[in-house]
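# I'd like to go over a predicted model; first the sequence, then the structure.
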Amino acid sequence: MIDRIHHVGIAVRDLDKALDFYRDVLGLHVHAMDTVEDQGVRAALLTIGESEIELLEPTSPEANMAKFIERKGEGLHHICFNTPDVDGDLEVLKDKGVELVDQKSRVGLAGMICFLHPKASRGVLVELATTMENYRG
Ligand code: CO
């Protein structure tokens, strides 16, 4: 089961402008940057100790991330918990009747990931992730 916060996801309108603060002012190291087509985001992961900050910029006005920013503005989007076994945890959560966004894990920037429905966690979108080094699926 989950053992630490893997990253905090932050919705931003402009990734490069966000990096001006998180990378250049705070001095955090960008260790991954990629466009995740199926999520409609261009994302960067910045290391902060054992955890990370994930900056998420919508790739188009139709992307879910763009709609999120329209509704709520820039800011906290989700919290990701690290787990050694994302698939095993998903099965446990299904057995417990937890509402899920993803029925199966899929590839994300942080490794194999899935999202739980915010209804399950009192309004906070929760992601679970198993890094590729640890994934045994
Ligand atoms: Co994330």
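All right, it came through fine. Residues are numbered from 1 along each chain as shown.
# so who does the spatially closest residue to Thr35 that is not a sequence neighbour touch?
Using Cβ to Cβ, 6 or more residues apart in numbering and skipping the chain neighbours, the partner closest in space to Thr35 is Arg42 (4.8 Å). Heads up, the C-betas are built off the backbone N, CA and C, glycines and all. Residues in contact with Arg42 (Cβ atoms under 8 Å, 6 or more residues apart in numbering) are 15, 33-36, 56-57, 59.
# I'd like the next helix or strand past the helix or strand of the chain with the lowest mean pLDDT.
The weakest-scoring helix or strand in the chain, judged by mean pLDDT, DSSP states H and E, is strand 106-108 (a mean of 91). Going down the chain from strand 106-108, the next helix or strand is strand 111-116, by DSSP states H and E.
# Tell me how far the residue of the chain most remote from its centre lies from the ion.
Most distant from the centre of the chain: Asp95, at 23.4 Å, with distances by Cα atoms, centre = their mean. For Asp95, the distance to the ion (Cβ to the ion, to the nearest Å) stands at 24 Å.
# now, which of the contacts of Arg42 lie within helices?
Taking DSSP state H as the definition of helices, the contacts of Arg42 contribute Leu15.
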